[in-house]
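Asker: let me see the structure of the following:
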Amino acid sequence: MRVLFTSLASVGHTYPLIPLAVAVREAGHEVHFAAGENVHASLHRNGLRPFRPADSFYEIYAEDLEPDLARLRPDLVVHEWGQPGPAVAAQRAGIPSLWHGFGRLFPDGIGLQRPVPDAPHLDICPPSLQDKDFLATAERIELRPVAYSEPLPEWRVERTSRPLVYLTLGTAFGTAEVLATAIEGLTALGVDVVVAAGNVQLGAVPKNVTVQSWVPQAELLPYVDAVVHHGGSGTTLGALAVGAPQLMLPQGADQFANAEALSAAGAALRILPGELSTDNVAEGVRTLLSRHSGHRDAARAIAEEIARMPSPDEVARDLPKWATAK
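Answerer: Reported below is the predicted structural model:
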């Protein structure tokens, strides 16, 4: 079987697809990956044969992909939620396709076209957090979310007797003001802090704070006691998978909806932009780290739910049946 994966050319949209794409390749199938060149290095390292359709840089339109569908003649196309164009191209070519989610179904108005609800979806969001209307109407193929990040040579987690808190605002929403406020609030707690600052430049920080532009998040998360972040789907699901409670500082896109869903489930606290202060950050994380925190219990319950979801290897074994579906 030949499978074509496709995503927007960003970490947040490409990385959720890599675990399944690798599992499909390891199951003996031929895998190709259509995306902009920005994510090609990661795809090459995983043997996923990336290419850029036409002149596409970030988004792929139906017309961009049609020549490659004729060239490759895949048996199945897997396209993530941010890519409606490949869904149209596959339908025109008579090729079965699957939508691949990146988290909870995102609301209208964030700059992405919502996916077709009555098509089959590979859904990596635990059902207890998924949009209830989507659960009721979509044909869902449950797929366990598996955190993926690029390895960093010689990087390792430094643990002490103090709690470890991970702070990130992702790759697109970080600002020096928000990060500095969060760092100041965390400093008052006597915890160790690892900060993934992205392209944001920060000044001097206390000795218990480690700042890097990027960290291998998948390697770090199993060691953390709490996560303070923007509410992006990748970090949200990665933290949930290890049972870490979260303090969410939503900045845009689907982050407000994610923060609302997790706080309603009891697995997170949230601070909205107008409420952000060092005191509120300190109080929020202090609550999460409490020995009797119900937020930790709620996060661990969702981690158990995620662990029961079918793994990428299991889903890869069943994928050929979707290649014959019309």
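
Asker: check whether residue 123 really touches residue 103, as I assumed.
Answerer: No: using Cβ atoms under 8 Å, residue 123 is not in contact with residue 103; the gap is 9.5 Å. (C-beta placed from N, C-alpha, C; glycine too.)

Asker: how about the strands in the stretch 101-250 of the chain?
Answerer: For the stretch 101-250 of the chain, the strands defined by DSSP state E, counting those that start in this stretch cover 120-123, 139-142, 164-168, 192-196, 209-212, 226-229, 246-248.

Asker: ok, and what's touching the first one?
Answerer: Read that as strand 120-123. With contact meaning Cβ atoms under 8 Å, 6 or more residues apart in numbering, strand 120-123 is reached by 20, 78, 98-101, 115, 130, 138-143, 315, 322, 325.

Asker: so which of the strands of the stretch 101-250 of the chain is nearest residue 258?
Answerer: Among these, strand 246-248 comes nearest to residue 258, with 7.1 Å by Cβ to Cβ.

Asker: and the closest one, what's its mean pLDDT?
Answerer: Strand 246-248 comes out with an average pLDDT of 98.

Asker: check what contacts that strand and list those residues.
Answerer: 226-231, 236, 239-240, 255, 258-259, 262-263, 267-271, 281, 284-285, 288, 299.

Asker: mind listing the helices for this protein?
Answerer: 11-14, 18-26, 40-45, 62-72, 84-93, 132-137, 176-187, 217-220, 233-241, 255-265, 278-289, 294-308, 312-318, 320-323 (DSSP state H).

Asker: mind checking how far the spatially most central residue of the chain is from residue 176?
Answerer: The centroid of the chain falls nearest to residue 234 when counting by Cα atoms, centre = their mean (1.9 Å). Relative to residue 176, residue 234 is positioned 22 Å away (criterion: Cβ to Cβ, to the nearest Å).

Asker: buried ones in stretch 56-73?
Answerer: For stretch 56-73, burial by neighbour count (16 or more other Cβ atoms under 10 Å) applies to 56, 59, 60, 61, 62, 64, 65, 66, 68, 69, 72.

Asker: cool, and stretch 147-161?
Answerer: 147, 148, 149.

Asker: I'd say the last one and residue 15 touch.
Answerer: If I follow you right, that is residue 149. Yes: here residue 149 reaches residue 15: they are 7.1 Å apart, a contact under Cβ under 8 Å.

Asker: quick one, domains of this protein?
Answerer: Following automatic domain parsing, one gets these domains for the chain: 2-145+309-323, 164-307.

Asker: what separates the first one from the chain centre, distance-wise?
Answerer: In this view, domain 2-145+309-323 has its centroid 13 Å away from the chain centroid, taken as Cα atoms, centre = their mean, to the nearest Å.

Asker: low-confidence ranges, the stretch 1-150 of the chain, go.
Answerer: Low-confidence segments of the stretch 1-150 of the chain (pLDDT under 70): none present.

Asker: so where's the stretch 151-300 of the chain uncertain?
Answerer: Applying pLDDT under 70 to the stretch 151-300 of the chain flags no residue at all.

Asker: which of the helices of the chain is buried the deepest?
Answerer: helix 233-241 (a mean of 26; mean count of other Cβ atoms under 10 Å).

Asker: packing partners for that one?
Answerer: Applying 3 or more Cβ pairs under 8 Å, 6 or more residues apart in numbering; DSSP states H and E, one finds that helix 233-241 contacts helix 11-14, helix 217-220, strand 226-229, strand 246-248, helix 255-265, helix 294-308.

Asker: turn those into CSV, including distance to residue 134.
Answerer: Shown next, in CSV, are the helices and strands packed on helix 233-241 (distance: least, Cβ to Cβ, whole Å):
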stretch, distance to residue 134
helix 11-14, 18
helix 217-220, 26
strand 226-229, 23
strand 246-248, 21
helix 255-265, 12
helix 294-308, 17
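
Asker: I'd say residue 257 and residue 107 touch.
Answerer: Yes: when contacts are counted by Cβ under 8 Å, residue 257 is listed as touching residue 107 (5.1 Å).

Asker: closest to residue 31 among the buried residues of stretch 56-73?
Answerer: Distances from residue 31 to the buried residues of stretch 56-73, taken as Cβ to Cβ, are shortest for residue 72 (10.7 Å).

Asker: residues contacting that closest one?
Answerer: Residue 72 neighbours (Cβ under 8 Å, 6+ apart): 2, 4, 32.

Asker: could you work out the end-to-end span of stretch 32-43 for me?
Answerer: Using Cα to Cα, to the nearest Å, one end of stretch 32-43 lies 9 Å from the other.

Asker: any idea how far the closest residue to residue 215 other than its chain neighbours is from residue 114?
Answerer: Using Cβ to Cβ, 6 or more residues apart in numbering and skipping the chain neighbours, the partner closest in space to residue 215 is residue 196 (4.8 Å). Distance, residue 196 to residue 114, by Cβ to Cβ: 29 Å.

Asker: same check on residue 85?
Answerer: Residue 85 is 14 Å from residue 114, by Cβ to Cβ.

Asker: contacting residues around residue 52?
Answerer: Taking Cβ under 8 Å, 6+ apart, one finds 34, 35, 36, 37, 40 in contact with residue 52.
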